[in-house]
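A.B. asks: Sequence and predicted structure, then a few things I'm wondering about:
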Amino acid sequence: MTYAFNQEDRIRVAQELVDVAKNFANKGWFPATAGNLSIKLSGEPLVFGVTASGKDKENLTIHDILAVDGDSKAIEPTNLKPSAETLIHAEVYKRVPEAGACLHVHTLYNNLISDLLFEQGKLRIQGLELIKALNIWEENAAIEIPIVENFADIPKLAAEIGEVLDPRVPAVLIRNHGIYAWGADVFAAKRHVQAFEWMFHYMFLKLSVQRDALAGLAL
Ligand SMILES: CSCCC(=O)C(=O)COP(=O)(O)O
Ligand SMILES: [Zn+2]
């Protein structure tokens, strides 16, 4: 199969992932090699660059990224093993054709909020200014971020994510695991991750304060 991207393109996009990895790693969003990142190289047929499994994202290089197809298989011989969660990236690209990059981080607040609200199946956020970072501009806009169980079976987890994702809200939370967020390109996907993480922190603190206030009333 011949693909419509050259070596120069691949180095450029790999460098974009390396740069965003450094930004997130500096925030502690890739503890213990957690997390993975991808960027679309071609939509038809689907080909994307994805981080190799088990890499230290703080010290990621362009040599830690390999190109895979829609079945998450490397498109050329390589010693690199694609991320264990590559199928999730593939699912996002298949479900959301406008997605050009998909980023996955494990943070304290995405883990806390996903567990706290798991039974509801979603986190609802309304009226926060940062919703505009998702390109949603209505006044007092509300969004709902789906939360799925952290199935160990990755094909099952990927299918579940595909089932629940709402293309208007570019993220899904996995309970006690992390967030997958995407955007038209790395710039947009990075903005989305940063906006979601700020909102998770806000919502966690707000829910905690509300709980404390209710507990106080019950005394
Ligand atoms: C060390 S965290 C467990 C695996 C995981 O959730 C993750 O994001 C990293 O997996 P990868 O295969 O992409 O290194
Ligand atoms: Zn993960």
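C.D. replies: Yep, it's here. Ligands and ions are numbered 1, 2, ... in the order given.
A.B. asks: Please count neighbours and contacts with C-alpha atoms only from this point.
C.D. replies: Will do.
A.B. asks: What segments of this protein are strands?
C.D. replies: 36-43, 46-51, 65-69, 101-105, 122-126, 142-148, 171-174, 178-183 (DSSP state E).
A.B. asks: Out of those, the one nearest ligand 1 is which?
C.D. replies: Relative to ligand 1, the nearest member of the strands of the chain by C-alpha to the nearest ligand atom is strand 36-43, separated by 4.5 Å.
A.B. asks: ok, residues contacting the closest one?
C.D. replies: 3-5, 10, 13-14, 17, 21, 46-51, 53, 83, 85, 89, 93, 97, 99-105, 185-186 (C-alpha atoms under 8 Å, 6 or more residues apart in numbering).
A.B. asks: quick one, that strand and strand 46-51 angle?
C.D. replies: For strand 36-43 and strand 46-51, the angle between their directions (axes from the mean of the first three to the mean of the last three C-alpha atoms, to 10 degrees) works out to 160 degrees.
A.B. asks: Please identify the buried residues of strand 36-43?
C.D. replies: N36, L37, S38, I39, K40, L41, G43 (16 or more other C-alpha atoms under 10 Å).
A.B. asks: With stretch 121-138 instead?
C.D. replies: G121, K122, L123, I125, L130, I131, L134.
A.B. asks: Quick check: the farthest pair among these?
C.D. replies: G121 and L130 (21.9 Å; C-alpha to C-alpha).
A.B. asks: so which of the buried residues of strand 36-43 also contact ligand 1?
C.D. replies: N36 (C-alpha under 6 Å from any ligand atom).
A.B. asks: For the buried residues of strand 36-43, could you give me JSON lines that also reports pLDDT and distance to G178?
C.D. replies: Shown next, in JSON lines, are those (pLDDT from 0 to 100; distance: C-alpha to C-alpha, whole Å):
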{"residue": "N36", "pLDDT": "98", "distance to G178": "11"}
{"residue": "L37", "pLDDT": "98", "distance to G178": "13"}
{"residue": "S38", "pLDDT": "98", "distance to G178": "16"}
{"residue": "I39", "pLDDT": "98", "distance to G178": "19"}
{"residue": "K40", "pLDDT": "97", "distance to G178": "21"}
{"residue": "L41", "pLDDT": "96", "distance to G178": "25"}
{"residue": "G43", "pLDDT": "97", "distance to G178": "26"}
